[in-house]
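Asks: 3D model of this:
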Amino acid sequence: MSVTADHALPWSVSSSRDDHCAKDPATEPGVSVPLGEMRVPFAVVLLSTLALAAVIPFARMPLPKIVAFIPSYESALAINDLVTAVLLFGRVGRGRSLGYLALGCGYLFNAVIIVAHALTFPDVFSTTGLLGANDQTTAWLYVFWHGGFPLFVMGYALLRERDGTAELLLKYSGRAITLGIVGVLAVVSALTVLATAGGGLLPRIIEAGDFSLMISSGVSPAILVLSTLSLLALWRRHDRTMLDVWLMVVMSTWTLDVMLSAVISSTRYDLGWYGGRLYGLSASCCLLVFLMIEINRLYGRLTDAVEAGRKLQEHLTFKAENDSLTGLPNRALFYDRLETAMQRCRRSGKLMALLYLDIDHFKATNDSLGHAAGDELLREFGQRVLLCMRASDTVARLGGDEFTVIMENFSSPENARRVVDKLMSVFAHPYVIAGQEITATVSVGVACFGGGEMEPDGLVKEADAALYEAKRRGRDGYWIHQAEPASSDSRSALVGAAAEA
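Replies: Numbering: from 1, shown residues only. Here you go, the predicted structure:
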C-alpha cells in the first residue's frame, strides 16, 4: 500500500473540521475566511495603529545615533524576506498561479535592495557609503524599495489563475522562478546604478538627513498611495484567503512604516525614524511567521496522514492474513508459517507437530442454535486453543469448524501427545452459548515432522488423514499419524494411547 500526501502549503486551517477533505479557505478560491481566523490579524493591525497614535506626538524627538542599528536591522530584514521568498517560490508550481510568483519576486526584491541600501548607508561601512554612493543614494533606494514592493503585491492581487497559465507553471515552474529571480536581480541592479552613478538624473529628496523634501516633492505621498492601492487590491479580492489577510496586515504595517518614518518624522535617528524601522521589521516578520506556523500545521497533518496510512496498512494486512470471525491466522498465513516452521525444523534437527482440529457435529449445533450461536462457539473454541498453546505456536482457522496448530521444538512424538491430552481435557468443559450450556466434543489429527523433503501440503494431508482416522474411531479423540511403518509393539503403544483418549 502507498500513501500519498499533498505537499502544497496549506495557507490556512480549514473552516470545517468534520470533513478531512473539506476545502481549505487558505488555498481554495471562493471560500470565506472564518471570523475566528481574523482575530489575530485584526489585533496586530489595531495594536500597530494604537502604537502609531502614541508615538506621533514624540516622533521628531532626537535619539542617540546608533550606527550599528542599520546593519543589524537590515540583516534581519534581508534574511526574513529571503526566507519568505523561498517559501513563496515553492508554492508557484503547486499553486499554479502567477500571483505566487509575483509575490515571491516582491520579497526577493526586498531582500536584495535591502542589501544595497545597507551597503550605501552613510557612516555604516564608510563615511559616504559603499558602491560609489552619494548623499542621495540611500534615500532613493528607500523610495525604490518602499514604492516597488507594493507594485509586486498589486501584481499578486490582480493576477488570476488561468487554465493555460496553470498548466505551463506546473510544467515549467523552475524556469518561471529562474526568470523571476534574474529579472529581480536585474531591476535591483539597475535601480542601484541609477541611485549611485546616475544620481545626477534624480532630484534631491534629502538634505543633511532631513526628509522634508521627500514630502514637499510628493515622493513620500506617492509611496503612501501605492501602499494604499495595494491594500485595496487585496481587500477587493473575492477569493480572499488567509494569505491575503496576513498580506493585508503586512501592507497596513508597511503603510504605517512609511507614514511614520518618511512623512511624520523629519530626520534620521529621531524617534519616528527608529519607530518606522521597527514597523518595517514587523511587516517583514508577519508573513514569515504565518508561513512557518502553516508549515508546522502541514507537518502535523502529514504526520497524522502517515500514521493513519500505517494503521490502515496494518488493518488491511491483518484482514488479509487473519480470519475475520476469530482473529486467528487464516489459511494463507497458516501455510506461510508452516513452511517457515518446517525450514526451522530441518535446521535445528528437532521435531514439530501439526494438529488438525474439528468440532464434532458442529453443523447440527449451528442449525439448532442458529448461526450467531455457531459463530460464538467458533470464537470461544479458538480462544480455548490459543490459551493452551505457547506464544511461539501458531493457532489458525482454515475455514468452517477446522482449526490447526503448529507446534515446534519437540524431542519426541510423546511430547505432542501430552499437549493433545491437555487440549482434550480443556475441550471437555462445557460452553455457555446463547444463554445455555452446551458440550462440544473435538476430534484431532496429529502429524509429526522431523525433517526431510516433505512439502507443507504433504504434512497437512497427513494431519488430515489422522483427523479422519480419529473421526472413524468414534470422534471425541485424537490420532497420531505414523509417517513410516513401525514395529507392531511400538506402533500399538503409541496409537493405543491415542485410541484410549
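Asks: what does stretch 174-192 rub up against?
Replies: Stretch 174-192 is contacted by residues 89, 92-93, 101, 104-105, 108-109, 112-113, 116, 120, 131, 141, 144, 148, 168-169 when judged by CB atoms under 8 Å, 6 or more residues apart in numbering. C-beta: built from backbone N, CA, C; applies to glycine.
Asks: For that stretch, which residues meet the burial criterion?
Replies: Buried residues in stretch 174-192, counted by 16 or more other CB atoms under 10 Å: 176-177, 180-181, 184, 187-188, 191-192.
Asks: How about stretch 438-455?
Replies: Of the residues in stretch 438-455, those buried under the neighbour-count criterion (16+ other CB under 10 Å) are 440, 442-449, 454.
Asks: Low-confidence regions, the stretch 1-150 of the chain specifically.
Replies: Along the stretch 1-150 of the chain, the parts satisfying pLDDT under 70 run over 1-37, 95-96.
Asks: now the helices for it?
Replies: Defined through DSSP state H, counting those that start in this stretch, the helices belonging to the stretch 1-150 of the chain, from first to last, are 35-55, 69-95, 98-120, 137-158.
Asks: Buried deepest among those helices, which one?
Replies: When neighbours are counted by mean count of other CB atoms under 10 Å, the highest per-stretch mean among the helices of the stretch 1-150 of the chain falls to helix 98-120, a mean of 24.
Asks: Dump that helix to CSV, restricted to CA.
Replies: As requested, C-alpha coordinates have been extracted for helix 98-120 and formatted as CSV (Å, rounded to 0.1, in the frame of the first residue of the first chain):
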residue,chain,number,x,y,z
LEU,A,98,1.4,33.7,-11.3
GLY,A,99,0.3,35.6,-8.2
TYR,A,100,2.6,33.5,-6.0
LEU,A,101,5.5,34.1,-8.5
ALA,A,102,4.8,37.9,-8.3
LEU,A,103,4.7,37.9,-4.5
GLY,A,104,7.8,35.7,-4.3
CYS,A,105,9.7,38.1,-6.6
GLY,A,106,8.4,41.0,-4.4
TYR,A,107,10.0,39.5,-1.3
LEU,A,108,13.2,38.7,-3.2
PHE,A,109,13.2,42.3,-4.4
ASN,A,110,13.0,43.5,-0.8
ALA,A,111,15.8,41.2,0.3
VAL,A,112,18.2,42.3,-2.5
ILE,A,113,17.5,46.0,-2.4
ILE,A,114,17.9,46.0,1.4
VAL,A,115,21.5,44.8,1.0
ALA,A,116,22.2,47.6,-1.4
HIS,A,117,20.5,50.1,1.0
ALA,A,118,22.6,48.9,3.9
LEU,A,119,25.9,49.0,1.9
THR,A,120,25.3,52.6,0.8
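Asks: going forward can the numbers begin at 718, since that is how I track them
Replies: All set: I'll call the first residue 718, so the last point we hit is now helix 815-837.
Asks: Could you check how far the helix or strand where Leu951 lies is from the centre of its chain?
Replies: Leu951 is part of helix 936-952, with elements assigned from DSSP states H and E. Relative to its parent chain, helix 936-952 has a centroid offset of 38 Å by CA atoms, centre = their mean, to the nearest Å.
Asks: Who are the packing partners of the helix or strand just after it?
Replies: Per DSSP H and E, the first helix or strand lying C-terminal to helix 936-952 is helix 959-975. On a contact count with 3 or more CB pairs under 8 Å, 6 or more residues apart in numbering; DSSP states H and E, helix 959-975 meets helix 752-772, helix 854-875, helix 936-952, helix 988-1038.
Asks: and the angle from helix 959-975 to helix 936-952?
Replies: Taking axes from the mean of the first three to the mean of the last three CA atoms, to 10 degrees, helix 959-975 and helix 936-952 form an angle of 160 degrees between their directions.
Asks: which other residues reach helix 959-975?
Replies: 728-730, 742-743, 750, 754-755, 758, 761-762, 765-766, 769, 820, 863, 866-867, 870, 873-874, 937, 940-941, 944-945, 947-948, 951-952, 954, 993-994, 996-997, 999-1000, 1003-1004, 1007.
Asks: quick one on the thing from earlier: and which of the buried residues of stretch 891-909 is nearest to Gly1044?
Replies: Checking the buried residues of stretch 891-909 against Gly1044 with CB to CB, the nearest one is Ile894 at 53.5 Å.
Asks: The closest one sits in which helix or strand?
Replies: helix 880-913.
Asks: Sort out which residues of the helix or strand following that helix are buried, please.
Replies: Per DSSP H and E, the first helix or strand lying C-terminal to helix 880-913 is helix 929-933. Neighbour-count burial for helix 929-933, with 16+ other CB under 10 Å as criterion, is recorded at 930-931.
Asks: Below-threshold pLDDT in the protein: ranges please.
Replies: Counting by pLDDT under 70, the chain has low-confidence residues at 718-754, 812-813, 877-884, 979-980, 982-983, 1200-1218.
Asks: Spatially central residue for it, please.
Replies: Leu1019 (0.8 Å; CA atoms, centre = their mean).
Asks: who are the neighbours in contact with Glu1093?
Replies: Glu1093 makes contacts with 1150-1151, as judged by CB under 8 Å, 6+ apart.
Asks: What separation is there between it and Leu973?
Replies: Distance, Glu1093 to Leu973, by CB to CB, to the nearest Å: 74 Å.
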